[in-house]
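Asks: Pasting a predicted model and its sequence here:
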Amino acid sequence: MTVLRLWWFANRRLVLVAAIVAAAAGVVGVVGAWSMTCAPNLTTSVCLHVLNTDARSTLTTAILATLPVLLGLTFGAEAVGGELGAGTAGFAWSVAPDRRRWLAEHIVPGLLATAAFGLACGALNAVIVAKINPGQNLVASFAGYGLWGPLLVVRALCGYAIGLGLGTWLGRVVTSLTLGLLLLAVILPLALVAGRSFEPANMLVPGDESHPEAIGVGSSTRLPDGTLGTLEDCVRAGPSFSDDPEFKKQDAWMMANCPPVSRFIAGSQMPWTELRESAVLGVLALLAGTLTFRRVRNRRP
């Protein structure tokens, strides 16, 4: 309990500010989502687009999804980096019976706080996303992907691990935070790509509203022979329109013979995509944790 009290005394202001921001964003987001409705003449897809592009819901869900990651990065950078920067780590290691125990005592409180914030923000976002996506089963849909659910907690914990590793190796909190933000800006999108890369993509023609739970992963053009290619490929495959200086005949032929199609991943595959992305982030977090342990174990006071 002494360790937790010391951690709370050192981080109470940051925790309170983060809690106030999360609570405010949650209240605004939930109240706003409950007050939004669609005009009766709108189709299902248009209604979903209107609800999901509302500025208030977009801002609040973004804040709630980003806050745990930033908080985790900060807690992680300060866990060991704060001691090294203040010059107190050497003395603490000299009196500690075991550096592993010392490291665990410095890691666990921030780790638990990061997970708790991730769960709270994810729950608030789940309520908002469910309200602005009526009729959809969120556990089998890409609606609000990454804004709610276990993935939000995993991203926050990965941010904590990145901050922990950088703080331990650099010994400077501000430098670790700056570099950590740059690394997360690269790592999170790459993990997102890795999560989706192994899913087979289906084709969706424009105007088809039968898959509102799906997520688009690309687009192409269906060529006259049934294969997929670019619009330029379709032009080359078509007849010559040498007597068409204004390209009117060519445009009409392309509209009739080169329909655009979109590639999408069905919503039923969302849990597997989320699991793969979480696995990538988990491996990176374990790597950062291992490097942290080795650094603390081998570093001289």
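Replies: Sure thing, it's come through. As the structure is a prediction and not an experimental result, all values here were calculated from the model. Residues are numbered from 1 along each chain as shown.
Asks: mean confidence for the helix or strand encompassing G282?
Replies: In the assignment (DSSP states H and E), G282 maps to helix 270-298. The average pLDDT within helix 270-298 is 90.
Asks: so what does it touch, helix or strand wise?
Replies: Judged by 3 or more Cβ pairs under 8 Å, 6 or more residues apart in numbering; DSSP states H and E, helix 270-298 is in contact with helix 99-131, helix 150-170, helix 173-197. Every residue, glycine included, has its C-beta placed from N, CA and C.
Asks: immediately after the helix or strand of the chain with the lowest mean pLDDT, which helix or strand?
Replies: Taking mean pLDDT, DSSP states H and E as the measure, the helix or strand of the chain with the lowest value is strand 202-204, at a mean of 57. Per DSSP H and E, the first helix or strand lying C-terminal to strand 202-204 is strand 215-222.
Asks: Show me what whichever helix or strand comes after that next one is packed against.
Replies: Later in the chain than strand 215-222, the nearest helix or strand by DSSP H and E is strand 228-229. Where contact means 3+ Cβ pairs under 8 Å, 6+ apart, strand 228-229 is packed against strand 215-222.
Asks: So what touches the strand it packs on?
Replies: With contact meaning Cβ atoms under 8 Å, 6 or more residues apart in numbering, strand 215-222 is reached by 142, 145, 196, 201, 204, 228-231, 233-234, 258-265, 267, 270.
Asks: In ChimeraX, select just the buried ones from these.
Replies: In ChimeraX syntax, the buried subset of the contacts of strand 215-222 is picked out as below (16 or more other Cβ atoms under 10 Å):
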select :142,145,196,201,204,234,258,261,262,263,264,265,267,270
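Asks: Distance check, W34 against T44.
Replies: 19 Å (Cβ to Cβ, to the nearest Å).
Asks: Could you do E232 as well?
Replies: Taking Cβ to Cβ, one finds E232 at 34 Å from T44.
Asks: buried ones in stretch 25-44?
Replies: Those would be 25-26, 28-30, 32-33, for stretch 25-44 by 16+ other Cβ under 10 Å.
Asks: Pull out the buried positions in stretch 292-301.
Replies: For stretch 292-301, by 16+ other Cβ under 10 Å, it's 292-293, 295-296, 299.
Asks: Would you convert the buried residues of stretch 25-44 into TSV that also reports secondary structure and pLDDT?
Replies: Output for the buried residues of stretch 25-44, formatted as TSV (DSSP: H, G, I helix; E, B strand; the rest coil; pLDDT from 0 to 100):
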residue	secondary structure	pLDDT
A25	helix	94
G26	helix	93
V28	helix	93
G29	helix	91
V30	helix	92
G32	helix	88
A33	helix	87
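Asks: between these, which is closest to L70?
Replies: Distances from L70 to these, taken as Cβ to Cβ, are shortest for A25 (13.1 Å).
Asks: which ones are touching the nearest residue to T292 once chain neighbours are set aside?
Replies: Leaving aside its sequence neighbours, T292 sits nearest to T168 (Cβ to Cβ, 6 or more residues apart in numbering; 4.6 Å). The contact partners of T168, taken as Cβ under 8 Å, 6+ apart, are 80-81, 84, 291-292, 295-296.
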